[in-house]
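[1] Everything below, folded, please.
(4 chains)
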Protein chains: 2
Amino acid sequence: MSRVTRKDVAKLAGVSETIVSYVVNDNRYVEAEKKSRVLSAIEELNYVPNNIARSLSKKETNHYLFMTDDLDNDYFTSLLAEMESVLIEQDFFISLCKYRDNNSFLNQVFARQFDGLFISTSEISQASLNRISNMGIPTVYVLRNMKITIPDNISVLNPGLYMGAEKCIHHMCEQERKRILFLDRFVKSANDEIKGVDPRLQAFNNWKEQCFVWSKIVHTGNDYSLLKKNLSDIYRDEAKFDGIIAINDKVAVLALRSLQDLGIRVPEDVSIVGYDNNFLSGIFDPSITTVNVSKTAYAEKIISLMKDLKDREEVKRIRLPVDLIVRNSSLRREKNESEN
Amino acid sequence: MSRVTRKDVAKLAGVSETIVSYVVNDNRYVEAEKKSRVLSAIEELNYVPNNIARSLSKKETNHYLFMTDDLDNDYFTSLLAEMESVLIEQDFFISLCKYRDNNSFLNQVFARQFDGLFISTSEISQASLNRISNMGIPTVYVLRNMKITIPDNISVLNPGLYMGAEKCIHHMCEQERKRILFLDRFVKSANDEIKGVDPRLQAFNNWKEQCFVWSKIVHTGNDYSLLKKNLSDIYRDEAKFDGIIAINDKVAVLALRSLQDLGIRVPEDVSIVGYDNNFLSGIFDPSITTVNVSKTAYAEKIISLMKDLKDREEVKRIRLPVDLIVRNSSLRREKNESEN
DNA sequence: GTGAAAGCGCTAACAT
DNA sequence: ATGTTAGCGCTTTCAC
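    Modelled structure (predicted):
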């Protein structure tokens, strides 16, 4: 039982195969009567054109790939959902996959002839990005790594991580918080070789001496009890920190709950800010100060960058606006109930 | 600047095109010396085989599609991450996309010649599932809809939603909770036509009269303040419910925070249970009773179902084990600190 | 308006 | 052991 092809349709409709294509693609005038014969043959046989063959011929797959190192971050999922709903309207598919920084992975990617690549990872090496650039596949790079030089055929979407972090840092200053813990997401790897530098961390490193009297960077996983122990040890042995800047809201939530468990008051003793405006951050008590980047804008911009690149070879660099959403977790005196 | 093909490699290496394929696929003996000439030509030209052409010829794409209605549920994202890491080892790609129950969407899917389909949605109609079945694409259906009859060429992964819900219901009974609110995820649509019935809801409907003296089903979105108002109104006007069964942990968390805001004590006044064992549920105070389904088992089983279907045409039906994780949110007297 | 034919880049059967 | 050839199912040019 093999699939129905154009040939079967042509035979049943009593026309040539070319006519069938003309009807399917609606790109040539076909006599009305023939057209309707083709249409009903398609209906009857349940014919669906083979996109693989079409792609081979047209050298277009109508398929994008989104690569990220952050596959189980719900920010990306809902971003992907937004992108997907826009793209499906244009007959485009988008695949999600975890980025791996090695040649055999990249070969797999190249082999599949995606029409475009979205890359959002801080784990990419310069060599890999250059290799991607050389392939000539339209590529939009989401800026999450400060150490890298972006080849000039690659468009850049800057989600404003650096600027968002600056807003957090300055907010901490205004609140006169002086002893700050920065909670990064990753556990430092065994070989200590960190490939990229997250712009948020970079911002912190650039400002910490100017803004704070004490600071420390802690690399953390998603393990609650481990984090709690960490925080407890630091608070007891190293410094009574009065502010925590977390790499995202998930980490911020974990930190908040840890402190509450340890009897450290938020925000009276310690201010907390997160990042992402995750649905969580507004729910907690105290609600968590965070940074919002509109997903709708994100999805729209990233797709338009890709379109411009594909259709007009226009390389662009765009930065998204970021908003600090001040809530109770960071304010020395709590806001009234009128938060958003 | 067009892509490098096998032809270019053959020319540079001074061999026939077939030889290049033999080397690339490593499926025929090739003279060592020729082989190395081919290899270095590949290296030099940066040749990557074209998978589209390969797929057309082999009638295999090495590509699966996972369709769900729940794209921004983080359970699915991490499940997908697990699946992806297993599949990439076998040179398979997996795409994620929101399921849409209409023919033009299905045509897009069929056109792309996926080697296999995973479907996890309660929104699918019988007609659509039958159509998919008729296409003859290996398909694994995740059972999330009780109303549907599964065609007999489709394998079924039962994630145990019904049984998990039963465990929640019986747990409520044991806690002597008698007035139960069931919080479903979806806002009822305008036309009131709900396509599928979630097995959790089904279980609740089947047991409610036997187990409870009062019960009510509320359809809710992810809007916190709306939910809070809803709960407040019901508590005041309809019944002082003493238990909430939420469709998932996200909803459970929203409900918990609502009640806390309203001054209703959990678990003293109201017991809450969630579903999914989301990382959230263990963090809150009180920690939330929930149902766990191992994602590793899920990923492993769903992939093995697909393999059996593809390779041996073996249709199977498997149910995953579910575990009720009892935590403080549902217990009349709180557990000691020794929870997991 | 329509159809034949070449070509997209591969695989695999067949011949040598 | 290697090369020739006929597909895979489509798009598109070109001739009628």
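[2] For the rest of this, base every contact and every neighbour count on C-alpha atoms.
    Will do.
[3] which parts of chain A sit against DNA strand D?
    Residues of chain A found near DNA strand D, taking C-alpha under 7 Å from any atom of the strand as the criterion, are A:2-3, A:5-7, A:17-18, A:21-22, A:25, A:48-51, A:53-54, A:56-58.
[4] Make a PyMOL selection of the buried ones in those residues.
    Restricted to buried positions by 16 or more other C-alpha atoms under 10 Å in any protein chain shown, the PyMOL selection for these reads:
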select buried, chain A and resi 5+6+17+21+48+49+50+51+53+54+56
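[5] filter the residues of chain A next to DNA strand D down to the ones close to DNA strand C.
    Counting by C-alpha under 7 Å from any atom of the strand, the members of those near DNA strand C are A:Thr18, A:Ala53, A:Leu56, A:Ser57.
[6] And those residues, which two are furthest apart?
    Looking at those by C-alpha to C-alpha, the two members farthest from one another are A:Thr18 and A:Leu56, with 17.0 Å of separation.
[7] A:Ser95 reaches A:Leu65, doesn't it?
    Yes - using C-alpha atoms under 8 Å, A:Ser95 is in contact with A:Leu65, at 4.8 Å.
[8] what's the overlap in contacts for these two?
    Between them, A:Ser95 and A:Leu65 share no neighbouring residue, with contact defined by C-alpha atoms under 8 Å, 6 or more residues apart in numbering or on different chains.
[9] what about the helices in the stretch 101-250 of chain A?
    Secondary structure of the stretch 101-250 of chain A (DSSP state H, counting those that start in this stretch): helices at A:103-111, A:126-135, A:161-174, A:199-211, A:224-233, A:249-262.
[10] In JSON lines: those, plus mean neighbour count, distance to A:Pro151 and mean pLDDT.
    JSON lines is the format used below for these (neighbours: other C-alpha atoms under 10 Å in any protein chain shown; distance: least, C-alpha to C-alpha, whole Å; pLDDT from 0 to 100):
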{"stretch": "helix A:103-111", "mean neighbour count": "16", "distance to A:Pro151": "17", "mean pLDDT": "96"}
{"stretch": "helix A:126-135", "mean neighbour count": "16", "distance to A:Pro151": "6", "mean pLDDT": "96"}
{"stretch": "helix A:161-174", "mean neighbour count": "21", "distance to A:Pro151": "20", "mean pLDDT": "97"}
{"stretch": "helix A:199-211", "mean neighbour count": "18", "distance to A:Pro151": "19", "mean pLDDT": "96"}
{"stretch": "helix A:224-233", "mean neighbour count": "16", "distance to A:Pro151": "39", "mean pLDDT": "93"}
{"stretch": "helix A:249-262", "mean neighbour count": "21", "distance to A:Pro151": "32", "mean pLDDT": "94"}
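[11] DNA strand C is nearest to which of the ones you listed?
    Taking C-alpha to the nearest atom of the strand as the measure, those were each checked against DNA strand C, and helix A:103-111 came out nearest at 8.2 Å.
[12] And the closest residue to A:Ile264 other than its chain neighbours, how close does it get to A:Thr77?
    When the adjacent residues along the chain are set aside, A:Ile264 lies closest to A:Val270, with 7.4 Å between them (C-alpha to C-alpha, 6 or more residues apart in numbering or on different chains). To A:Thr77, A:Val270 is 31 Å away according to C-alpha to C-alpha, to the nearest Å.
[13] what does A:Lys316 give?
    From A:Lys316 to A:Thr77 the distance is 25 Å (C-alpha to C-alpha).
[14] Indicate whether the top helix by length along chain A makes contact with chain B.
    The helix of greatest length in chain A, counted in residues with DSSP state H as the criterion, is given as helix A:295-312. No - with C-alpha under 8 Å from any C-alpha of the partner chain as the measure, helix A:295-312 is seen stopping short of chain B, the closest distance being 12.6 Å.
[15] Does anything pack onto that helix? Which helices or strands?
    helix A:74-88, strand A:139-142, strand A:155-158 (3 or more C-alpha pairs under 8 Å, 6 or more residues apart in numbering or on different chains; DSSP states H and E).
[16] Let me see the mean pLDDT of that helix.
    Here helix A:295-312 scores 96 as its mean pLDDT.
[17] filter the ones next to DNA strand C among the residues of chain A next to DNA strand D down to the ones near chain B?
    A:Ala53, A:Leu56.
[18] Looking at the ones next to DNA strand C among the residues of chain A next to DNA strand D, spot the one nearest DNA strand C.
    Checking these against DNA strand C by C-alpha to the nearest atom of the strand gives A:Ser57 as the nearest, at 3.4 Å.
[19] Tell me if the closest one really is in a strand.
    No - per DSSP: H, G, I helix; E, B strand; the rest coil, A:Ser57 lies outside any strand segment and is helix.
[20] What pLDDT is listed against it?
    On pLDDT, A:Ser57 comes in at 97.
[21] Repeat that for A:Val322.
    Each residue has a pLDDT score; the one for A:Val322 is 98.
[22] got the contact list for A:Val293?
    Taking C-alpha under 8 Å, 6+ apart as the definition of contact, the neighbours of A:Val293 are A:Pro159, A:Asp276, A:Asn277, A:Leu320, A:Pro321, A:Val322, A:Asp323.
[23] Actually, A:Gly160.
    Contact criterion C-alpha under 8 Å, 6+ apart gives A:Arg319, A:Leu320, A:Pro321, A:Val322 as the residues in contact with A:Gly160.
[24] so which of those residues is the most crowded?
    Within these, most neighbours by other C-alpha atoms under 10 Å in any protein chain shown means A:Val322, with 19 neighbours.
[25] Give me the distance between that one and chain B.
    Distance check for A:Val322 against chain B: by C-alpha to the nearest C-alpha, to the nearest Å, it reads 22 Å.
[26] Is it correct that that residue is in contact with A:Ala165?
    No - using C-alpha under 8 Å, A:Val322 makes no contact with A:Ala165, being 9.6 Å away.
[27] Show me whatever sits in contact with both of these two.
    In contact with both A:Val322 and A:Ala165: no residue, using C-alpha under 8 Å, 6+ apart.
[28] you'd agree A:Glu166 is up against A:Phe204?
    Yes - A:Glu166 lies in contact with A:Phe204 (C-alpha under 8 Å); the separation is 7.5 Å.
[29] still on that earlier bit, export the helices and strands packed on helix A:295-312 to CSV and tack on mean neighbour count and mean pLDDT?
    Written out in CSV, the entries for the helices and strands packed on helix A:295-312 read as follows (neighbours: other C-alpha atoms under 10 Å in any protein chain shown; pLDDT from 0 to 100):
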stretch, mean neighbour count, mean pLDDT
helix A:74-88, 19, 90
strand A:139-142, 24, 97
strand A:155-158, 23, 98
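[30] re the thing from before, and chain B, which of the helices of the stretch 101-250 of chain A is closest to it?
    Between chain B and the helices of the stretch 101-250 of chain A, the shortest separation by C-alpha to the nearest C-alpha is 5.0 Å, and it involves helix A:103-111.
[31] just the angle between that closest one and helix A:126-135, please?
    In this structure, helix A:103-111 runs at an angle of 20 degrees to helix A:126-135, with axes from the mean of the first three to the mean of the last three C-alpha atoms, to 10 degrees as the basis.
[32] does DNA strand C sit close to helix A:103-111?
    No - on the criterion C-alpha under 7 Å from any atom of the strand, helix A:103-111 is out of touch with DNA strand C, staying 8.2 Å away.
[33] what angle do that helix and helix B:74-88 make?
    Using the same axes, to 10 degrees, one finds that helix A:103-111 and helix B:74-88 are set 100 degrees apart in direction.
[34] Helix A:103-111 near chain B at all?
    Yes - legend: contact between helix A:103-111 and chain B by C-alpha under 8 Å from any C-alpha is shown at A:Asn107, A:Gln108, A:Phe110, A:Ala111.
[35] pretty sure A:Ile288 is touching A:Tyr275, no?
    No - counting by C-alpha under 8 Å, A:Ile288 stays clear of A:Tyr275, with 9.3 Å between them.
[36] Taking the stretch 1-150 of chain A, what residue is nearest to chain B?
    Using C-alpha to the nearest C-alpha, A:Ser95 is the residue of the stretch 1-150 of chain A that sits closest to chain B, at 4.5 Å.
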